[in-house]
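# below are the sequence and a predicted model for it; my questions follow.
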Amino acid sequence: VLKEIRSEKYNDSRTLGICNVSNYVCSDQTGIRNINSSYFNTLTDIKGVLPGGMYETDACISSQRTAIIVPYRDRPEHLEIFSKAIHTFLKKQNISYGIYVLELSLPTTFNRGLLLNIGYEVAKSEGQYDCFIFHDVDLIPTNECNMYLCDENAQHMSTFNTKFLNREKNAMPYANYIGGVLALTDDQFRKVNGFSNLYFGWGGEDDDMFARLKVKHVVLTHVNPDIGQYFALPHSNDPGNPKNPARFTLLKKTRELMATDGLSAVGNLYSIQKKEHRFLYTWVNVVCNQTD
Ligand code: UDH
Ligand code: NGS
């Protein structure tokens with residue numbers, strides 16, 4: 001079943017930023033409930049992808065360029081599936097983009113927010129990007145109507161994933177949940193001073209971003225869950241990412257800390273060990289100067 005893209009949140013072609021929007025027809029071909037991880041190996045369209053995971057559409061002039069920023073450590077099977085699937089998906093949307101994978105060296109406890117801030121800085125230093133999509137490696141988009149572009153509101157893109165299947169009404173964990181995949185323009189990201197750098201371990205950094213958006217009056221849209229569909233690659237607990245016991249205390253202080261904790265502070269917190277323009281993505285290995 002083909003769906004016109006210009007419905008729901010895309011009723012205003014001005015914000016969409018692709019030239020042939022009125023002709024763009026998208027579909028949800030996958031049928032998320034009937035697939036498993038190996039399904040994604042069967043679709044691999046990486047033709048025309050440049051080293052570092054860059055792609056420039058030749059279908060039309062895209063008025064936005066999108067940087068996909070992926071926080072990463074020790075999930076090689078996920079990265080392999082993600083990197084092939086994301087190109088296949090994005091190429092169909094006729095947009096120009098680059099993929100950035102930010103890997104945090106051990107022994108530091110994982111820190112998703114810090115890596116996303118670093119990814120933003122690296123992407124900015126590498127190219128002209130207008131839209132930044134902060135993207136977990138274990139979430140594979142399956143509905144082509146979920147356009148990887150920004151608009152005047154911040155957008156929570158991953159409003160449904162297969163981990164939610166057993167929840168009541170297949171709903172998100174809670175109404176203000178913005179974990180998984182989040183799209184922000186440069187202005188929106190700078191306005192909130194990026195993510196907090198202080199959340200070492202699992203949980204809370206996405207809720208902190210929600211609070212930042214609220215404090216700075218950046219309006220947030222949740223993509224219609226019929227469109228914001230993702231297949232969640234299964235995984236077990238990551239040894240370097242224990243639940244962060246400090247997250248509830250930190251969350252009480254967002255308003256107080258956000259002026260100094262975030263993008264403005266990240267420059268002093270890391271060094272880049274290695275950067276490689278790999279076949280399907282730009283890989284950046286970073287060492288964090290601080291730990292929890
Ligand atoms: N990530 C890694 N490696 C890690 C931890 C996280 O690559 O060791 C990245 C990856 O992009 C992942 C994202 O951070 O998709 C978010 O982490 P997650 O997948 O663990 O988050 P999610 O909320 O986890 O999906 C649910 C498991 C809860 C575990 C609780 C404490 N261990
Ligand atoms: C909340 C976490 C969020 C996390 C979300 C994921 O409890 O960071 O669970 O839900 N907030 C805190 O811990 C304060 S899940 O998909 O695991 O059901 O994103």
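Sure thing, it's come through. Numbers count the residues shown, from 1 in each chain. Ligands and ions are numbered 1, 2, ... in the order given.
# report the contact partners of residue 32.
Residues in contact with residue 32, defined by C-beta atoms under 8 Å, 6 or more residues apart in numbering, are 142, 162, 229, 230, 231. (Each C-beta comes from the backbone N, C-alpha and C, glycine too.)
# 7 Å instead, please
By C-beta atoms under 7 Å, 6 or more residues apart in numbering, the residues touching residue 32 are 142, 162, 229, 231.
# next helix or strand past the helix or strand encompassing residue 190?
Here residue 190, judged by DSSP states H and E, is contained in helix 186-191. Beyond helix 186-191 in the direction of the C-terminus, DSSP H and E gives the next helix or strand as helix 205-215.
# give me the contacts around the helix or strand just after that following helix.
Sequence order places strand 220-222 as the next helix or strand after helix 205-215, per DSSP H and E. Strand 220-222 has contacts (C-beta under 7 Å, 6+ apart) with 9, 153, 154, 155, 156, 159, 178, 213.
# tally of neighbours for whichever residue of the stretch 51-200 of the chain sits closest to ligand 2?
The minimum distance from the stretch 51-200 of the chain to ligand 2, using C-beta to the nearest ligand atom, falls at residue 179 (3.2 Å). By other C-beta atoms under 10 Å, 21 other residues sit near residue 179.
# cool, residue 70 as well?
28.
# now do the helix or strand it falls within against helix 205-215, angle only.
Using DSSP H and E, residue 70 falls within strand 65-72. With axes from the mean of the first three to the mean of the last three C-alpha atoms, to 10 degrees defining the directions, strand 65-72 sits at 140 degrees from helix 205-215.
# for strand 65-72, which strands pair with it and how are they oriented?
Next to strand 65-72 in the sheet, as set by DSSP bridges, lie strand 96-104 (parallel), strand 131-135 (parallel).
# what's in contact with the last one?
Right, the one you point to is strand 131-135. Residues outside strand 131-135 that contact it (C-beta under 7 Å, 6+ apart): 64, 66-70, 116, 120, 123, 148-150, 181-186, 189.
# who's in contact with the spatially closest residue to residue 204 that is not a sequence neighbour?
Distances taken as C-beta to C-beta, 6 or more residues apart in numbering put residue 247 closest to residue 204, at 3.2 Å, once the chain neighbours are dropped. By C-beta under 7 Å, 6+ apart, the contact list for residue 247 reads 199, 203, 204.
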